[in-house]
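Novice: Build me a model from this:
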Amino acid sequence: MEPCPEPGQVILQRFGNSSHYYEINGTELSYGKTELPEGVYQVTSNTASDLPNVQLNLSGAASGYVLGLFDSPLNRLVFMFWSSQSRWFQTPPDFPR
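Specialist: Modelled structure (predicted):
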């Protein structure tokens with residue numbers, strides 16, 4: 001099993017098939033595990049023009065979060081997020097594409 005993050009830290013696990021470049025609060029968001037201080041983060045991309053305004057609340061200290069970023073067959077970005085305090089969130093179907 002994976003150890004819990006240090007107090008005041010969270011783990012964000014990125015997965016998916018999206019080949020776009022993403023940043024979280026101005027720092028590259030790589031595939032795999034990233035340990036961050038707890039807080040609110042903004043995910044942006046200068047290559048994925050259809051990325052919704054994604055704000056992640058990673059304020060549950062010593063928690064783990066999962067972020068899925070996928071390119072769909074229609075060249076649309078699909079965004080998924082899960083935390084222990086919430087259920088899956090997916091890009092809403094009415095999101096402009």
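Novice: Quick one: residues contacting N46.
Specialist: If a contact means CB atoms under 8 Å, 6 or more residues apart in numbering, then N46 has Y21 as its contacts. (Glycine included, C-beta is placed from N, CA and C.)
Novice: Closest to the centroid, which residue in the protein?
Specialist: L67 (3.5 Å; CA atoms, centre = their mean).
Novice: hey, what's that one bridged with?
Specialist: R14, F81 (DSSP bridges).
Novice: Same question for L56.
Specialist: Y41.
Novice: any idea of the pLDDT on the residue nearest to the centre of the chain?
Specialist: Confidence at L67, expressed as pLDDT, is 85.
Novice: so what's it up against?
Specialist: By CB under 8 Å, 6+ apart, L67 lies in contact with L12, Q13, R14, F15, L29, V43, L56, F79, M80, F81.
Novice: Please report how far G8 lies from H20.
Specialist: As judged by CB to CB, to the nearest Å, G8 and H20 stand 30 Å apart.
Novice: Which of the two has more residues huddled nearby?
Specialist: Neighbour comparison, G8 and H20: the larger count goes to H20, with 15 against 10 (by other CB atoms under 10 Å).
Novice: ok, the closest residue to S19 other than its chain neighbours to S59 distance?
Specialist: Leaving aside its chain neighbours, S19 sits nearest to D71 (6.7 Å; criterion: CB to CB, 6 or more residues apart in numbering). Distance of D71 to S59, given as CB to CB: 29 Å.
Novice: which one of those two has more residues nearby?
Specialist: Taking other CB under 10 Å, D71 and S59 do not tie; D71 has more neighbours (16 against 13).
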